[in-house]
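*Asks:* What follows is a predicted protein model with its sequence.
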Amino acid sequence: MDELLLQFDDVPHAARARLADGSIEGDDSRLLLKVNEKVDCVNARPDSFRSDGALEAVAEWRELRMAAGEVEATLEKSWNLNSRDQG
């Protein structure tokens, strides 16, 4: 679990840098930061919240999955990710 959460460490920095260089829009940056907020909520919990059982039972994990799914769906559209895969 910790490795999964560590993958999000650079998200806020990358989102701000991409926003500053104009490679993403403000809405996209806010979505990425929203996911990072959910990661921070999970990280703030005790280690018992990083168990296999907690993945399904703990509200913070559900909220993180929902936020990540929303971001993925939105960015697929705004970044035209599906059209790249088909080409």
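*Replies:* Looks like it arrived, so ask away. Numbers count the residues shown, from 1 in each chain.

*Asks:* now H13: how far from L19?
*Replies:* 11 Å (CB to CB, to the nearest Å). Yep, even glycine has a C-beta here, placed from its N, CA and C like the rest.

*Asks:* What of N43?
*Replies:* Distance from N43 to L19, by CB to CB: 23 Å.

*Asks:* quick one on the thing from earlier: out of H13 and L19, which sits in the busier spot?
*Replies:* L19 (17 against 10; other CB atoms under 10 Å).

*Asks:* Packing partners of the strand or helix carrying that one?
*Replies:* Element membership for L19, per DSSP states H and E: helix 11-21. Judged by 3 or more CB pairs under 8 Å, 6 or more residues apart in numbering; DSSP states H and E, helix 11-21 is in contact with helix 26-43.

*Asks:* quick one: buried residues of the helix it packs on?
*Replies:* For helix 26-43, burial by neighbour count (16 or more other CB atoms under 10 Å) applies to 28-29, 31-32, 35-36, 38-39, 41-42.

*Asks:* Let me know the closest of the residues you listed to L64.
*Replies:* Distances from L64 to those, taken as CB to CB, are shortest for K38 (4.0 Å).

*Asks:* For the spatially closest residue to that closest one that is not a sequence neighbour, pull up the helix or strand it's in.
*Replies:* Excluding its sequence neighbours, the residue lying closest to K38 (CB to CB, 6 or more residues apart in numbering) is L64, at 4.0 Å. Here L64 is covered by helix 59-78, with elements defined by DSSP H and E.

*Asks:* before we move on, back to that, could you dump the buried residues of helix 26-43 into JSON lines with distance to V71 and pLDDT added?
*Replies:* Shown next, in JSON lines, are the buried residues of helix 26-43 (distance: CB to CB, whole Å; pLDDT from 0 to 100):
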{"residue": "D28", "distance to V71": "9", "pLDDT": "88"}
{"residue": "S29", "distance to V71": "11", "pLDDT": "89"}
{"residue": "L31", "distance to V71": "5", "pLDDT": "87"}
{"residue": "L32", "distance to V71": "6", "pLDDT": "88"}
{"residue": "V35", "distance to V71": "5", "pLDDT": "87"}
{"residue": "N36", "distance to V71": "10", "pLDDT": "88"}
{"residue": "K38", "distance to V71": "10", "pLDDT": "86"}
{"residue": "V39", "distance to V71": "12", "pLDDT": "87"}
{"residue": "C41", "distance to V71": "15", "pLDDT": "85"}
{"residue": "V42", "distance to V71": "15", "pLDDT": "83"}
